[in-house]
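In: Have a look; sequence and predicted model below, questions after that.
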Amino acid sequence: MPLLIICGQACGGKSGLANRLVTHFTKENTPEDSVHLISDESFYSCSGKDRNTVYGSPGLEKQMRGQLKDEVTRVLSANKMVILDAQNYIKGFRYELYCVVKAAKTTQCVLFLNCPLDQSLTHNETSKLYSEETIKALHLRFEAPQSTARWDSPLFETSPENVHELDLQMVEQSLTSGRALPPNLSTQNPPRLAADTLYDLDKMTQKLTSQIMGQMLNAEIGDVLLVSSKLSDDLIISEKLKVNKKLSMPELQRIRRHFLDFYKSHTFKDHSQVPNVFFQFVSNAML
């Protein structure tokens, strides 16, 4: 069944929206157990850690994302509408969820509740869920979904003041009437790649790795790198890469080798996708 990913900044009203969605999807003679709500709240309860502790520790935050992804994977193949209520602010994590949806041969959509920093701080004064420092840090880290990215599409965006005007019927239609995502090519037998294709790929990723390393040496955590790749005389691809962690050259080389192994078992109809997918590998390594 479909996956609805709720995405948004801290203290923006995501949980209220999630509960409204559950009510909407169960109102018309639909069994309550046909809608499965997954929330980051369960991680705080089970771990005994508060939000400031989790978001202040990369290890704990990664553990929470892993638990959320595992739960989505477990129930998505069942006959349920799955709603994921969390910040989901990392582009790489949303891409991982997209891959889970593809493997399940179902549909998804992203619902972005965009809350400005001043409103997050104001709402937090009442709830006291976060420290001011944590809220500001989360806003700086936030990677907003883009409708042009296939893992963020279809995308519905709203704000705290307009959330009650959101057309839930249109959201539902995008999930139930949309075309199921095809499974990953890794589940199929790919054609053998030509030697010259692998050679070109090796050269391309070497150049990308060198560019990333060159810019990362002088970058600070939170900076955004702009890396360009010339695929032909008339086609130059530029990609942005946010520095969530400084990587060394040996680490980048290991990521590159992992990507080359991945490429050997996949096929790319459009080779302009290669830099984007490679940057996804690098971005995921910095989570």
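Out: That came through, no problem. Residues are numbered from 1 along each chain as shown.
In: Quick check: beta-bridge partners of K240?
Out: L226 (DSSP bridges).
In: I'd assumed D223 was in contact with it.
Out: No - the criterion here is C-beta atoms under 8 Å, and K240 misses it with D223 at 10.5 Å. Any C-beta I mention is one placed from the backbone N, CA and C, and that applies to glycine too.
In: which residues of this protein score low on pLDDT?
Out: By pLDDT under 70, the low-scoring segments of the chain are 28-33, 77-78, 178-179, 181-197, 229-237, 264-272, 287.
In: where do the strands sit along it?
Out: 3-8, 35-39, 81-85, 108-113, 155-158, 224-232, 235-242 (DSSP state E).
In: if we look at the fourth one, which residues are touching it?
Out: Applying C-beta atoms under 8 Å, 6 or more residues apart in numbering, the external contacts of strand 108-113 come out as 2-9, 12-14, 17, 94, 97-98, 101, 144-145, 152-160, 163, 166, 171, 174-175, 178, 181.
In: Select the longest helix from this structure.
Out: Longest helix in the chain by number of residues (criterion: DSSP state H): helix 195-216.
In: Now do the buried residues in that one.
Out: Going by neighbour count (16 or more other C-beta atoms under 10 Å), the buried part of helix 195-216 is L201, M204, T205, L208, T209, Q211, I212, Q215, M216.
In: want to throw those into CSV with distance to N284?
Out: CSV is the format used below for those (distance: C-beta to C-beta, whole Å):
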residue, distance to N284
L201, 19
M204, 19
T205, 15
L208, 15
T209, 15
Q211, 18
I212, 14
Q215, 18
M216, 16
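In: Once you drop chain neighbours, what's closest to G8?
Out: Leaving aside its chain neighbours, G8 sits nearest to L113 (3.6 Å; criterion: C-beta to C-beta, 6 or more residues apart in numbering).
In: sorry, that was for L37
Out: Leaving aside its sequence neighbours, L37 sits nearest to I83 (C-beta to C-beta, 6+ apart; 5.0 Å).
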